[in-house]
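Visitor: after the sequence you'll find the predicted model.
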Amino acid sequence: MVRSKSDWVFTSINGTILILISVSMVLPLIHLLAVSFSDALYANAKLVYFWPKGFQLDVYKTIFGMNTLWRSMGVTIFITVVGTLIYLMFTTSMSYGLARPFTPGKKIILRLVLVTLVFNAPLIPNYLVISSIGLENTLWALMLPGALNAFGVIIMKTFFQGLSSELFDAAKIDGCSEFGIFTRIALPLSTAGIATLALFHAVGLWNSYFAALIYIRTKELFPLQIMLRSLVVEENFMFNPSGGEILSATPEMMKAGIILFATVPILIVYPFLQKYFVKGATLGSLKE
């Protein structure tokens, strides 16, 4: 197909803008990486930009030796994995029920779900509910309140409605139960949508900060983002937790290393889910 001049101009401008946006997002991470690997003399003098000067590994030796940071990492991994599984279980089961034509009262339920897109529970009532049911100062307070949302229900409902009804009829003729149709046919054919929602929710749980700040009191239950704030903002990393010795690394170097420590793990997940993410975001918005 022959492309017109206007199409070529649009594609060039669009590509250039996207490249500039991508570079603007990557450069800060490269700068932090360079600072964390540089010598303290160059880091203090603000002479490090995008390439380390005076290569050293003292920052990461210190970070990897901080037990509190690893404990917070474990808490974050737990709430991310378990919270995402709970979210997918609730979202897919409810969406499947709303997508089936014989579900009683599904129109009313769907309208109630859509209401939550516009009206959200205020902070104080939400806190009182969490506190009254005994979830305060537990990790469940970070996972259960967001275990179901209207956005995920709508996306998965659209996916399930786009599946061929002949497959469901054939499965029923073969004696498959409704639960069997859901687990053996609907879910495997909706992998793209499930992966998309899993990525959205997992990133949200990994970056969970405000909910943990409100509900968590015990320091041992602090997720990574709360511990990151404590270390970076309050500069608690300046003292070795075991012996109280002042660390040789500068605050800027430690901040850079800790930020990368909390950011890189979730970035590693993206390449494995990228193809599902693109497909799910496209199909989920176009299917009727």
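Guide: Great, that's in hand.
Visitor: may I see the buried residues of stretch 182-194?
Guide: 182, 185-187, 190, 192-194 (16 or more other C-beta atoms under 10 Å). In this view, the C-beta of every residue, glycine as well, is placed from N, C-alpha and C.
Visitor: ok, and the closest residue to residue 159 other than its chain neighbours, which helix or strand is that part of?
Guide: Once flanking residues are discounted, residue 159 sits nearest to residue 193: 4.1 Å by C-beta to C-beta, 6 or more residues apart in numbering. Using DSSP states H and E, residue 193 sits in helix 191-206.
Visitor: show me what that helix is packed against.
Guide: When contacts are defined as 3 or more C-beta pairs under 8 Å, 6 or more residues apart in numbering; DSSP states H and E, helix 191-206 sits against helix 67-99, helix 150-162, helix 251-286.
Visitor: how about 10 Å then?
Guide: Under the contact criterion of 3 or more C-beta pairs under 10 Å, 6 or more residues apart in numbering; DSSP states H and E, helix 191-206 touches helix 67-99, helix 150-162, helix 187-189, helix 251-286.
Visitor: need the winner for burial among the ones you listed.
Guide: helix 150-162 (a mean of 21; mean count of other C-beta atoms under 10 Å).
Visitor: against residue 163, how distant is the residue nearest to residue 143 when sequence neighbours are not counted?
Guide: Among residues not flanking residue 143 along the chain, residue 83 sits closest, at 3.7 Å (C-beta to C-beta, 6+ apart). Noted for residue 83: a distance of 27 Å to residue 163, by C-beta to C-beta, to the nearest Å.
Visitor: okay, now the unreliable bits of this structure?
Guide: By pLDDT under 70, the low-scoring segments of the chain are 1-3, 232-249, 273-288.
Visitor: if we go to 90?
Guide: Along the chain, the model assigns pLDDT under 90 to residues 1-12, 14-15, 18, 22-74, 95-139, 142, 144-204, 206-288.
Visitor: now do the domain split for it, please.
Guide: 1-56, 57-286 (automatic domain parsing).
Visitor: how far off centre is the first one?
Guide: Computed by C-alpha atoms, centre = their mean, to the nearest Å, the separation of domain 1-56 from the middle of its chain amounts to 23 Å.
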